[in-house]
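Colleague: the following comprises the amino acid sequence and a computationally predicted model.
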Amino acid sequence: MLSLIKSFLRIFASSAEATVYWFDSAPWTTYGEHNPAILFTQADGAHTAKQMGGGGSIYWRSKSPDAVLRTYYSVASGRNYALYCDGALINDNCIPGINAGGAYNSGSGAYQTFTIGSGLDTSQVHTYELMCYYPYKDFNSWLDSYLDLDGAGLDTTAPVTPHPLVVGYGDSIMGLSNFLTDTSGSATVLDVRKCAWWIASHATQKAMYISGVGGGRVTTTGRDGTSALPTWTDIFITQYGTNDLSFLPSGNATFQADYATMLTNVETRIGTTKRKIMLQPFPRTGDTGQRAIAAGLITNAIAISGISNAGYSGTDNWINPTSGVDTSDGLHPNIAGYAKIGNRLIPILSTYAIGIVGPAAGAPNNTSSTFTVTLSNGATFTGDQDITLTASGSSTITATAAGGAISSNGTSTVTVTPANGVVNFTFTCTSPSLGTTTITPSTTQQLWTMPSAPAYICSTSSNRTPAFLRAASMMGF
């Protein structure tokens, strides 16, 4: 019934208030929908509805001391909203939707006013985000409100770079249709922020939209459903193929051809310049080799389609499909499974998968001070991800990675496989002569982009105080 409950959004502005400045690519935005105009109608319900489903957000820049939202609120339209300031959560229950036990909170079935933020910082302009985190899988739900930002603090002059839009395209695993159980397989959880796609998108400061069809197959909804994709998509991700696995290998030719057609249709819809990420179907119980077959067919289909800016990643070891571990039923990820998938996606969606911070200079034949290699945007290593560091000339590298594996340590080319759960590792560099050593990072991880090689300069003084540089942004935006 939630998809049938339509409420409305309007942005309120009196003559005493400044106009709200929306800094995304259109004045009104959700994660997945940009509509053409701000609505200033002040009468309740006297305007055209705007979509805002689970995972949807609206943004503004302001140094207003408060933010007030007026919305249509009823028992049947329970939703939860969270308020973020510069990416940090400041109000987890702006508008009561449903409580932890899954029951709807009371509502009068009429317009009500909610103060979603008060006592906000007025010393400088901040970026605020109001995010709908329930209903988590109903992307056709609606918000009905106006937003009163006490316009004295609104920023109408300094637009911010739009959030790139990540669009997930797939079946029920993408559409979260089984996202109801925790790791024990029992508790009800209603929060889209626990799904992989939101975890990775939010960590990398990107917007999210999901197009997931329960039971969908490449040969039907995948191939023929690309018109549902927003044309303003910036990054396309698909894990289509799970429901096709049972037709392999007898259906290999059809799967490969239809997958290629799907990709051609995607590129026609979103354009050649947009990034396209294709994932192998996730691990599942009872697999007898179909996932491996699908991996080969998908890579072939990418080549056959000839699409631009395309990349593929396998998903072996991403989750443990055992029911009650990382899935709810041996197939559909639970909270733990989505967290692991999200963690894997963060370095893929980051500008650079890693950041390297260390000294800019030292002395010949002296061990440098410590360099630190960190996964971007708060991701953690998973125990099977390697980083190779290659020093130019005759310089050598000595790495330290507690609990991890290191090969060829103390040579010019060292490979480190950090332990599961750690966020970084360290190394030092020793150069035998004056001059500049470049330290080039590389990896066998699919879809990881490495930063530029940092330079380490050896001068004549061993007592020189090192200057520090950031070789690659650890935030990775």
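Modeller: On my side now, so go ahead. Bear in mind that the values here come from a model prediction, so they are computed numbers and not experimental data.
Colleague: can we go C-alpha only for contacts and neighbour counts from here?
Modeller: Fine.
Colleague: hang on, T221 is in a helix, isn't it?
Modeller: Yes - the assignment for T221 is a helix, going by DSSP: H, G, I helix; E, B strand; the rest coil.
Colleague: and the closest residue to it other than its chain neighbours, how close does it get to T388?
Modeller: Using Cα to Cα, 6 or more residues apart in numbering and skipping the chain neighbours, the partner closest in space to T221 is V213 (7.5 Å). Taking Cα to Cα, to the nearest Å as the criterion, V213 is separated from T388 by 40 Å.
Colleague: okay, those two: which has more neighbours?
Modeller: Residue environment comparison for V213 versus T388 gives the larger neighbour count to V213, 20 against 17, counting by other Cα atoms under 10 Å.
Colleague: surely the more buried one and T220 touch.
Modeller: No - with contacts defined as Cα atoms under 8 Å, V213 does not count as touching T220, sitting 10.6 Å away.
Colleague: now T268: which helix or strand?
Modeller: With elements delineated by DSSP states H and E, T268 resides in helix 252-270, which encompasses its position.
Colleague: actually W198, sorry about that
Modeller: helix 196-203.
Colleague: contacting residues around that helix?
Modeller: Around helix 196-203, the neighbours that count as contacts under Cα atoms under 8 Å, 6 or more residues apart in numbering are 55, 166, 168, 192-193, 207-208, 338-343, 345-346, 349, 377-378.
Colleague: which helix or strand lies directly C-terminal to that helix?
Modeller: Next along the chain after helix 196-203, taking DSSP H and E as the criterion, comes strand 207-212.
Colleague: the residue nearest to L331 when sequence neighbours are not counted: how many residues sit nearby?
Modeller: In this structure, L331 finds its nearest non-sequential neighbour in R284, 4.9 Å apart by Cα to Cα, 6+ apart. For R284, the number of neighbouring residues by other Cα under 10 Å comes to 21.
Colleague: now S442
Modeller: Residues near S442, counting by other Cα under 10 Å, number 17.
Colleague: pLDDT wise, what is the closest residue to M450 other than its chain neighbours at?
Modeller: Once its chain neighbours are removed from consideration, M450 has its nearest residue in Y352; the separation is 5.5 Å (Cα to Cα, 6+ apart). Reading off the per-residue confidence, Y352 sits at a pLDDT of 97.
Colleague: my read: Y352 touches T449, true?
Modeller: Yes - in this structure, Y352 sits in contact with T449. The criterion is Cα under 8 Å, and the distance is 5.0 Å.
Colleague: more neighbours: which of these two?
Modeller: Residue environment comparison for Y352 versus T449 gives the larger neighbour count to Y352, 23 against 18, counting by other Cα under 10 Å.
Colleague: now that one, what's its secondary structure?
Modeller: Of the three states, Y352 takes coil according to three-state DSSP.
Colleague: now it: phi and psi?
Modeller: In terms of degrees, to the nearest 10, the main-chain angles of Y352 are phi -130, psi 140.
Colleague: quick one: it and W448, what's the gap?
Modeller: Computed as Cα to Cα, the Y352 to W448 distance reads 7 Å.
Colleague: what do you get for N317?
Modeller: Distance from N317 to W448, counting by Cα to Cα: 17 Å.
Colleague: show me what the helix or strand containing G168 pairs with in its sheet, parallel or antiparallel.
Modeller: Element membership for G168 (DSSP H and E) is strand 165-170. With DSSP bridges as the test, strand 165-170 is paired with strand 207-212 (parallel), strand 235-238 (parallel).
Colleague: what's the closest of those strands to C85?
Modeller: Nearest to C85, of all the strands paired with strand 165-170, is strand 207-212, at 15.4 Å by Cα to Cα.
Colleague: can you tell me how far S57 is from F236?
Modeller: If you measure S57 against F236 using Cα to Cα, the figure is 19 Å.
Colleague: actually L165, sorry about that
Modeller: As it turns out, when the distance is counted by Cα to Cα, L165 lies 9 Å from F236.
Colleague: what angle separates the strand holding G168 from helix 196-203?
Modeller: Relative orientation of strand 165-170 versus helix 196-203 (axes from the mean of the first three to the mean of the last three Cα atoms, to 10 degrees): 170 degrees.
Colleague: bridged to G168, which residues?
Modeller: Those that pair with G168 in a beta bridge, by DSSP bridges, are I210, I237.
Colleague: tally up the residues packed near it, please.
Modeller: There are 23 residues near G168, going by other Cα under 10 Å.
Colleague: for A402, same thing?
Modeller: In terms of burial, A402 registers 13 neighbours under the definition other Cα under 10 Å.
Colleague: how close does it get to T261?
Modeller: A402 is 47 Å from T261, by Cα to Cα.
Colleague: with T415 instead?
Modeller: 39 Å.
Colleague: now stretch 111-121: buried residues?
Modeller: Buried positions in stretch 111-121, judged by neighbour count with 16 or more other Cα atoms under 10 Å: Y111, Q112, F114, I116, G117.
Colleague: how about stretch 205-219?
Modeller: 205-214, 216-219.
Colleague: hang on, I210 packs against I173?
Modeller: No - when contacts are counted by Cα under 8 Å, I210 is not listed as touching I173 (10.6 Å).
Colleague: and the spatially most central residue of the chain, how close does it get to M174?
Modeller: If you average the C-alpha coordinates of the chain and look for the closest C-alpha using Cα atoms, centre = their mean, you land on S201, 1.8 Å from that point. In this structure, S201 and M174 are 14 Å apart, going by Cα to Cα.
Colleague: likewise for Y338?
Modeller: Applying Cα to Cα, the value for Y338 to M174 is 10 Å.
Colleague: same deal with P441?
Modeller: Counting by Cα to Cα, the gap between P441 and M174 amounts to 33 Å.
Colleague: between the two, who's got more neighbours?
Modeller: Neighbours per residue (other Cα under 10 Å) separate P441 from M174, with M174 holding more: 26 against 23.
Colleague: which other helices and strands does whatever helix or strand the more buried one lives in contact?
Modeller: Taking DSSP H and E as the definition, M174 sits inside helix 172-175. When contacts are defined as 3 or more Cα pairs under 8 Å, 6 or more residues apart in numbering; DSSP states H and E, helix 172-175 sits against strand 207-212.
Colleague: I'd say I319 and P281 touch.
Modeller: No - I319 is not in contact with P281 according to Cα under 8 Å; the separation is 11.2 Å.
Colleague: for these two, indicate the residue with more neighbours.
Modeller: The neighbour count for I319 versus P281, taken as other Cα under 10 Å, is higher for P281 (24 against 21).
Colleague: how far away is the more buried one from V218?
Modeller: 12 Å.
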